[in-house]
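Peer 1: how would this look folded up:
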Amino acid sequence: MKNPEAPTAPAPVAFAPLVRYTPEVEQIPAEEPETIAKIGQMMVQMAEQVRAQHGKVMRATHAKATGLLKGELVVADDLPPELAQGMFAQPGRRYDVLARYSQGPSNPVTDKASGQRGMALKVLGVAGPHVAGGRETSTQDWVLAPDPAFINATAAGFLTNFRFGASNTPRLPEAAIVGLSYAARGVEAALETVGLSVGTLKLIGREPLHPIGHAYYSQTPSRYGDYIAKVAAFPTPETLAILGNPHLDQGQDDNAFRTAMSQFFAQHGASFELRVQLCTDLAAMPVEDASVEWPEAQSPYRTVARLTFPPQASFSEARFQYFEQRLSFNPLHALEAHRPLGGIQRARGAVYLQTQDFRQHTNQVAAAEPLSADEVPD
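Peer 2: You can find the predicted model right below:
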């Protein structure tokens, strides 16, 4: 008998042949360890600068949390074999899940600076062999952002851009960051009217939309059991209907995104479809170039699970301290069946471990790996 609360899998559709995962899909440049070491050094330096300003170490990126949620992920019934992989192999399987919505800068600046934002998911109680090098053995993390592709192709490209851009953010006065955000937002809007876009402008000048008003993408691929895939979370039509106009009026509220989340979840729940995009062509859907948006005409996103967050206090002080001090979200917190792939993922995994160590050691707190949402404060 089908689980009536589990999402229904889509009807069978003819798709292109899938690329099977083998370790050889990753091509690691000889200089990559040195590149990752330099990125980690810069991230720790940024965290030091933020500590000098605020008295404690915060996350090296996405330092400002805007919504901290507890929810549930339910795997769809009757998934076809290519989708019933890894943690999605058991129909109707339920997992507790934690979600952290955040703003992109390395220091918690005013929300008038509407730039990059993220949605990080930690799925709890995920059994099976985990990726070597990660420190958690019962979780599956997905680190998501509002764009289908990453701003840089490789770790080396990220290092170059980061050195001359985001790494200087902690040194800038807040008024300068706000001014840059508004200027970039105007230029980005003008470019989009003629069908153009520049990734850097989106990072610092994104339109201020409600955090649950748009989709979030992994941007980078992971192993998907026998295959390779990108992952995304799409708000359901019913959630968008409750939300209405997603545009956020920041006004004079320096915590406008946090306020919007708190007001919404005080009255409503939200749901998302978790979807995957399977790789059908390594030339059009590369593993090592994270800046390429995989064409949905060749391989559409397909629903594998439903993510639900009930009404709740999305930002209590106790929950804030637990999330911000004790939790970490890292692509290396993954089943081997969902191993993160590509240079950007390899850099994230290593650097996030380094900055987690610096943050928790300096702040004198212990890492937590909850087995259920009941362990997380309300």
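Peer 1: and stretch 260-280, average pLDDT?
Peer 2: The average pLDDT within stretch 260-280 is 97.
Peer 1: that should have said stretch 73-91, apologies.
Peer 2: pLDDT averaged over stretch 73-91 gives 97.
Peer 1: can you get me a residue count around residue 262?
Peer 2: 17 (other C-beta atoms under 10 Å). From N, CA and C alone the C-beta is placed, and that goes for glycine too.
Peer 1: that one against residue 313, yeah?
Peer 2: Yes: if you go by C-beta atoms under 8 Å, residue 262 and residue 313 touch, sitting 7.3 Å apart.
Peer 1: surely residue 315 forms part of a helix?
Peer 2: No: using DSSP: H, G, I helix; E, B strand; the rest coil, the assignment for residue 315 is coil, not a helix.
Peer 1: check which helix or strand covers residue 126.
Peer 2: Using DSSP states H and E, residue 126 sits within no helix or strand.
Peer 1: sec struct for the residue nearest to it when sequence neighbours are not counted, please.
Peer 2: Nearest non-adjacent residue to residue 126, counting by C-beta to C-beta, 6 or more residues apart in numbering: residue 140, 4.4 Å away. At residue 140, secondary structure determined by three-state DSSP is strand.
Peer 1: check what pLDDT residue 140 gets.
Peer 2: Residue 140 is assigned 98 on the pLDDT scale.
Peer 1: what do you get for residue 173?
Peer 2: At residue 173, the pLDDT recorded in the model is 51.
Peer 1: where along the stretch 151-300 of the chain do the strands fall?
Peer 2: All strands of the stretch 151-300 of the chain, identified by DSSP state E, counting those that start in this stretch, fall at 216-217, 222-224, 227-235, 270-278.
Peer 1: can you tell me which residues contact residue 334?
Peer 2: Contact analysis of residue 334 by C-beta atoms under 8 Å, 6 or more residues apart in numbering lists 130, 131, 134, 140, 141, 222, 340.
Peer 1: just residue 280 next, same as before
Peer 2: 15, 16, 17, 18, 19, 298, 299.
Peer 1: now it: how far from residue 289?
Peer 2: Note on residue 280: its distance to residue 289, by C-beta to C-beta, to the nearest Å, is 16 Å.
Peer 1: same question, residue 62
Peer 2: Noted for residue 62: a distance of 23 Å to residue 289, by C-beta to C-beta.
Peer 1: of these two, who's got more company?
Peer 2: Legend: neighbour count by other C-beta under 10 Å for residue 62 and residue 289, higher for residue 62 (23 against 17).
Peer 1: ok, back up a step: identify, from the contacts of residue 334, the entry nearest to residue 211.
Peer 2: Set against residue 211, the nearest of the contacts of residue 334 by C-beta to C-beta is residue 141 (18.5 Å).
Peer 1: give me the distance from whichever strand or helix holds residue 46 to the chain's centre.
Peer 2: Element membership for residue 46, per DSSP H and E: helix 32-54. Distance of helix 32-54 from its chain centroid, counting by C-alpha atoms, centre = their mean, to the nearest Å, is 20 Å.
Peer 1: quick one: buried residues of it?
Peer 2: 32, 35-36, 38-40, 42-44, 46-47, 49-51 (16 or more other C-beta atoms under 10 Å).
Peer 1: check contacts around residue 128.
Peer 2: 86, 87, 335, 336, 337.
Peer 1: sec struct for the second one, please.
Peer 2: If I follow you right, that is residue 87. helix.
Peer 1: might you report the residue contacts of it?
Peer 2: Counted by C-beta under 8 Å, 6+ apart, residue 87 has contacts 75, 93, 95, 123, 126, 128, 140, 335, 337, 338.
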